[in-house]
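Visitor: Fold the following, please.
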Amino acid sequence: MILILYISTLAVIATVCFILGLHILLRDISSKVNRLFFINSMLLNTVIAFTIFIQLADDVETAKFFQSMYNIIFISFLLESLYFSLVFTQHRLNLIMKVIVSVATSAVFIFFIIKGGELIALTKQGGVWIYKLKNIRFWFFVYSPLLFIIVFFMISTLYRYSRAASSNKGKKQAKIMLIFILISCSAGFFFLMIMPLFDGFRAPLLTPCFFALYLYGVFFAMTKYRFMVFNIKDIVQDVLTQIQDMVIILGPDKRILEMNNSASAMFRSVSGGGKGSFFTDVVYEKEAMEAVLDLLLEKRIFMKERITYLSKPDASVTDSTISAVSDKFGDLSAILIISRENRGINYFRNYFKLTAREMEILLHTISGMTNNEIAAVLDITKRTVETHQNNIYNKLAISNKIELLNITGDFGIKPL
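Guide: Reported below is the predicted structural model:
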């Protein structure tokens with residue numbers, strides 16, 4: 001009866017772990033973090049499987065063999081959990097740390113392969129295999145230090161990340177994972193290493209139960225805080241498709257995450273444009289736009305800009321608004337750009353055969369900027385600005401700024 005209850009409990013835990021891992025994987029199979037979580041859940045299920053194999057063994061030697069394999073896979077699970085934490089926090093172990101972990105792991109694996117049967121005593125009580133530690137020196141001076149090193153690196157990595165993370169989500173995720181790691185590891189070490197030292201304590205392996213709790217804690221952090229992934233549903237995809245203006249959504253790294261149909265149609269003619277590309281690679285004002293986006297990321301302000309997209313056959317001039325999109329935690333999730341084609345400017349430019357640089361200087365000029373200011377903004381010399389202005393005047397058959405304002409006004413072109 002005890003054996004059936006024990007195995008049934010482990011089977012339920014394994015099923016739940018599989019469901020949690022599969023759920024996270026299917027949410028975004030392209031995410032490395034999600035794939036590692038699924039692998040973590042499968043390794044824990046393998047640990048659970050060998051825990052069951054131990055109980056189903058007919059003789060003590062077979063049970064000891066499964067026990068040795070159980071310990072090797074359990075350490076593999078912890079190592080993969082450490083790697084998961086490093087990927088999540090975008091940290092790396094230095095060479096010394098890698099050597100320490102590798103050497104300690106290799107030593108423990110060799111012990112289990114060669115002398116696994118001599119490290120533990122198994123007796124059957126009530127139909128259940130009960131273990132007792134032998135060779136205490138190995139368990140406390142070889143095995144335990146390895147576990148401590150792995151868990152210490154996990155905790156220290158997450159703790160440093162929770163202190164340094166710029167987003168509230170990142171801090172909360174790391175703290176939740178820290179709490180569950182501490183609870184799972186403390187309880188696991190207590191029941192695995194300390195309690196068997198007392199003669200009155202006799203119990204089958206309970207470690208998988210405690211680390212299933214850790215897995216749930218990570219799952220909770222991933223689902224509750226979405227692992228810092230911006231989802232287009234946050235601003236409703238159905239609404240975007242109805243907007244005729246171009247709508248482009250950038251990540252904090254300034255790469256294009258999403259766009260509506262109008263923007264997609266325009267980007268088909270832009271070399272290297274589309275999802276995943278840097279926004280500054282698809283606009284004419286590269287350096288100026290880089291500065292604008294940096295300012296927006298820092299100040300979280302609403303801005304109006306005239307953006308020229310490198311579409312073909314002719315660049316498209318737009319009047320655009322740029323704003324920051326924050327989530328419910330107050331963290332910056334994305335940059336929202338809404339661009340409306342300025343048909344007057346585009347027609348004007350094509351009609352008078354102005355270059356993109358000439359049009360850019362013309363727009364700065366009618367906005368009231370001096371030649372020195374234009375030169376500073378475009379990072380060119382004042383003489384170059386004057387040369388472009390002379391070319392503009394010749395193409396428009398005018399001779400001064402007043403006539404320039406008049407002719408641009410006739411075409412409905414206004415300063416931004």
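Visitor: next helix or strand past the helix-or-strand element of the chain with minimal mean pLDDT?
Guide: Here the helix or strand of the chain ranked lowest by mean pLDDT, DSSP states H and E is helix 237-242, holding a mean of 56. Later in the chain than helix 237-242, the nearest helix or strand by DSSP states H and E is strand 246-250.
Visitor: what does that next one contact?
Guide: 230, 232, 235, 240, 256-260, 262-263, 266, 279, 293, 318, 325, 334-341 (Cβ atoms under 8 Å, 6 or more residues apart in numbering). The way it works is simple: take the backbone N, C-alpha and C, and place the C-beta from them, glycine included.
Visitor: Among these, name the ones in strands.
Guide: Of the contacts of strand 246-250, the ones assigned to strands by DSSP state E are 256-259, 318, 325, 334-341.
Visitor: from those residues, which is closest to residue 59?
Guide: For the ones in strands among the contacts of strand 246-250, the residue nearest residue 59 by Cβ to Cβ is residue 257; the value is 58.8 Å.
Visitor: Let me see the contact set for residue 105.
Guide: So residue 105 contacts 75, 79, 146 (Cβ under 8 Å, 6+ apart).
Visitor: ah, wrong one, I meant residue 171
Guide: For residue 171, the contact set (Cβ under 8 Å, 6+ apart) comprises 162, 165.
Visitor: What residues sit buried inside the host helix or strand of it?
Guide: Here residue 171 sits within helix 168-189, counting by DSSP H and E. If you call a residue buried by 16 or more other Cβ atoms under 10 Å, then helix 168-189 has these buried ones: 169-178, 180-181, 184-185, 187-189.
Visitor: Let me know the pLDDT of residue 62.
Guide: If you check residue 62, the pLDDT there is 91.
Visitor: same deal with residue 265?
Guide: Predicted confidence (pLDDT) for residue 265: 80.
Visitor: Show the low-confidence segments of this protein, by residue range.
Guide: Applying pLDDT under 70 to the chain flags residues 1, 193, 195-203, 225-243, 269-273, 312-314, 328-329, 416.
Visitor: 50 instead, please
Guide: 227-234, 236 (pLDDT under 50).
Visitor: how does it divide up, domain by domain?
Guide: Split into domains by automatic domain parsing, the chain comes to 2-228, 230-341, 350-416.
Visitor: Buried residues in the one helix or strand residue 33 maps to, which are they?
Guide: Following DSSP H and E, one finds residue 33 within helix 32-56. Neighbour-count burial for helix 32-56 flags 33-55 (criterion: 16+ other Cβ under 10 Å).
Visitor: helices or strands up against the helix or strand following it?
Guide: Using DSSP H and E, the helix or strand that follows helix 32-56 in sequence is helix 60-89. Here helix 60-89 touches helix 32-56, helix 95-115, strand 120-125, helix 144-164, helix 168-189, helix 207-225, going by 3 or more Cβ pairs under 8 Å, 6 or more residues apart in numbering; DSSP states H and E.
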